[in-house]
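Peer 1: sequence and computational prediction follow.
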Amino acid sequence: MGTGTSGDPTAEDGGHQDASFDRYARMVRRALDVPVALVSLVEETRQVFVGAEGLAEPYATSRETPLSHSFCQYVVQDARPLVIGDARLDERLHDNLAIRDLGVIAYAGFPLRDASGRTVGSLCAIDPEPRVWTQPELSALEDLAEACTAELVQRDLRRAAVARAHEASATSVRSRLLLALSERLATTRTLAEVSVAVERVAHEELGCLQAGMWLRQVTDPLQVSRAAPAVGGRPAETLTFVHNPVTDWPQATTHTTLAVGEDNPLGSALLHDGLLVFPDREAQNRAYPHLETAVQIGEARAYMPLVAAGHAYGALALVWPEAREFDDEDRVTIGSLMSYTAQAVQRALLLQERVDVAVTLQNAMLTRLPQPDHLELVARYRPAAAREQVGGDWYDAVVMPDGATTVMVGDVVGHDIDAAAVMGQLRAMLRAFAWTHADPPARNVERLDRAALDLELEAMATLVVARIEQSDEDAARGLRTLRWTTAGHPPPMLLRPDGTVVLLGEESETDPMLGAAPERDRHDQTAVLPAGSTLLLYTDGLVERRGENLDLGLERARASVARHGGRPATELLDRILDDLVGDAPGDDVALLAVRFHPEHG
């Protein structure tokens, strides 16, 4: 830092550790597949890890080191990213004690800034082995550092609010407002959550009847917020109301979409980059006589652009139940409300951007399943409820030139746009291998593993690949042969015609996950399946729960399949998902069913 932070962002919690910053470290670790990730704040004589994932003892408990063990201090000194493939070869770092005591060899860190714009720390990824950091990895780390900075700024503003609240009179409206805002907005992640928090604080602390946000919309809201100026020279654009799921506002519903221009108060406030107030509704109606007034409520009104770091994200509207004149103190208070709200909006948009891209990419890659004779293939994909948990699950099915059908389900390590991109490459290669080579599944997975290595595709994934075959003799007996291989993946599940449910290969040893040991041979297993059976392949989000033994999840899934096994295949999958993950799964879930219908003639 130059050094020294603006204060410990978790001092009010009595320690360095903070769940919100641990969350960013966890996101970095998953996105870049590194053993250790840190949110580090650098002080005069030490660095403090307010967020950490994978850190060894004693540092996992102490959450700090002296600067003799710090790479992050150079991110702060230089105020720019530090990316090192092998620190032992770097002139500035080769004798740093972090190499010896913490095992830091490869390091990638991006700056974190406080509310004044000063660099105060680093969001970093650490690997104990030499590593070439890829551009997608660095882009992901940079995006997460921006989101983490937004949260750090919120903490700075909160500390300032707390300090002012202690110094000022207990009746200070602005101090109460700042403190309430910091508390309400600290945990918001979505635009709807920000809208609810702002409306409640405006009602409780300012006496407002209503409060709401309208956001700028062009081709891409994120492109505008990052690149367009706050005022002047704007492209054609509109303002769109952010729906508040808690409070109904009829006038906002009537004016859900507004132009950025002089014909409405929100657009005018944004266009001129300033606060616009009206002491009562009559004053506003004189200025904008063409607007619909049938559902107007309240009297005094205030409108102000939502601006953070020089970028205008939209505008904020406040309505009071009574008429009032706005003095200088009112204007400063409204400005404070705007500043906090804009920071929260910025953070929500940054988090949403990566999720939206990942979901779009992933959905585009989901396969339209074939329907071979006497086989019914049905699949479901349900994304994680957590906004950052998106990316690596997939299902696929290929009808082979020889008439066999190959089905597969996989899960790439990671939950973001990079995982979705890797998933697409693995899926495409495996699909091509399966269609081109009429080999057992294990052989094609070996090809995939070695191809990923040779093509330098940095991928770790679990998967199960199954080939459904039928000889003339099997056809005469109404049977099919299933050959499958697993790579660190939960076992296939079979619903028999009599309603019993078994895990296929439950007692057999699972081959390692893809990318873990590409030189090793893989193994197939076989089973003969009668007509009327249903094969289910699924990803671990269906059965795994944090802190729970996997056997419990498998047994829960087995019971659900048995309970609904008599239903049509599509309904069966829907009921299983409702039973096991509901509408808010903790992880992505892909689920594929193959029902073997009897053959007639």
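Peer 2: Great, that's in hand.

Peer 1: residues of stretch 79-88 that come out buried?
Peer 2: Across stretch 79-88, burial judged by 16 or more other CB atoms under 10 Å covers P81, L82, V83, I84, G85, D86, A87. Glycine gets a C-beta too; all of them are placed from N, C-alpha and C.

Peer 1: and the last one, how close does it get to A52?
Peer 2: Going back to what we said before, that points to A87. 19 Å (CB to CB, to the nearest Å).

Peer 1: swap in the first one?
Peer 2: The span separating P81 from A52 equals 20 Å under the rule CB to CB.

Peer 1: was I right about H564 contacting R575?
Peer 2: Yes - in this structure, H564 is within contact of R575 by CB atoms under 8 Å, at 4.2 Å.

Peer 1: show me where the stretch 501-601 of the chain has its strands.
Peer 2: Secondary structure of the stretch 501-601 of the chain (DSSP state E, counting those that start in this stretch): strands located at 501-503, 525-530, 534-538, 589-596.

Peer 1: of those strands, which approaches V198 most closely?
Peer 2: Among the strands of the stretch 501-601 of the chain, the nearest to V198 by CB to CB is strand 589-596 (33.6 Å).

Peer 1: out of the strands of the stretch 501-601 of the chain, nearest to R216?
Peer 2: Across these, R216 has its closest neighbour in strand 589-596 (34.7 Å, CB to CB).

Peer 1: show me what that closest one is packed against.
Peer 2: Applying 3 or more CB pairs under 8 Å, 6 or more residues apart in numbering; DSSP states H and E, one finds that strand 589-596 makes contact with strand 375-382, strand 393-399, strand 405-412, strand 534-538, helix 569-580.

Peer 1: is it possible to get TSV of those that adds distance to E146, mean neighbour count and mean pLDDT?
Peer 2: Shown next, in TSV, are these (distance: least, CB to CB, whole Å; neighbours: other CB atoms under 10 Å; pLDDT from 0 to 100):
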stretch	distance to E146	mean neighbour count	mean pLDDT
strand 375-382	29	20	92
strand 393-399	26	24	90
strand 405-412	24	26	92
strand 534-538	35	25	97
helix 569-580	34	18	95
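
Peer 1: with distance to T61 added, can I get these in a markdown table?
Peer 2: Below are the helices and strands packed on strand 589-596 laid out as a markdown table (distance: least, CB to CB, whole Å):
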| stretch | distance to T61 |
| --- | --- |
| strand 375-382 | 38 |
| strand 393-399 | 35 |
| strand 405-412 | 32 |
| strand 534-538 | 38 |
| helix 569-580 | 36 |
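
Peer 1: surely S195 meets L215?
Peer 2: No - between S195 and L215 there is no contact under CB under 8 Å: 10.0 Å.

Peer 1: what's the overlap in contacts for these two?
Peer 2: Residues touching both S195 and L215 by CB atoms under 8 Å, 6 or more residues apart in numbering: V242.

Peer 1: more neighbours: which of these two?
Peer 2: Legend: neighbour count by other CB atoms under 10 Å for S195 and L215, higher for S195 (26 against 21).

Peer 1: you'd agree that one is in a strand?
Peer 2: No - under DSSP: H, G, I helix; E, B strand; the rest coil, S195 sits outside any strand and is assigned helix.

Peer 1: contacting residues around stretch 421-433?
Peer 2: With CB under 8 Å, 6+ apart as the criterion, stretch 421-433 contacts 136, 361-362, 365, 391-394, 396, 398, 408, 410, 412, 414, 444-445, 447-448, 451-452, 457-459, 461, 463, 465, 514.

Peer 1: still on that earlier bit, how about the strands of the stretch 501-601 of the chain, which one is nearest Y381?
Peer 2: strand 589-596 (5.2 Å).

Peer 1: I'd like the distance between H597 and A569.
Peer 2: Counting by CB to CB, the gap from H597 to A569 is 10 Å.

Peer 1: quick check: neighbours shared by those two?
Peer 2: Common neighbours of H597 and A569 (CB under 8 Å, 6+ apart) are E376.

Peer 1: who's in contact with the nearest residue to A527 once chain neighbours are set aside?
Peer 2: Distance criterion CB to CB, 6 or more residues apart in numbering; nearest residue to A527, sequence neighbours excluded, is L482 at 4.9 Å. By CB under 8 Å, 6+ apart, the contact set of L482 is A466, R467, I468, E469, L504, T526, A527, V528, L529, L535.

Peer 1: tally of neighbours for the residue nearest to the first one when sequence neighbours are not counted?
Peer 2: Going back to what we said before, that points to A466. Closest residue to A466 apart from its sequence neighbours, by CB to CB, 6+ apart: W484 at 3.8 Å. Counted with other CB under 10 Å, the neighbours of W484 add up to 25.

Peer 1: tell me who's in contact with W484.
Peer 2: Counting by CB under 8 Å, 6+ apart, W484 has contacts P441, V464, V465, A466, R467, P492, L504, G505, D524, Q525, T526.

Peer 1: do that again at 7 Å, thanks
Peer 2: Residues in contact with W484, defined by CB atoms under 7 Å, 6 or more residues apart in numbering, are P441, V464, V465, A466, P492, D524, Q525.
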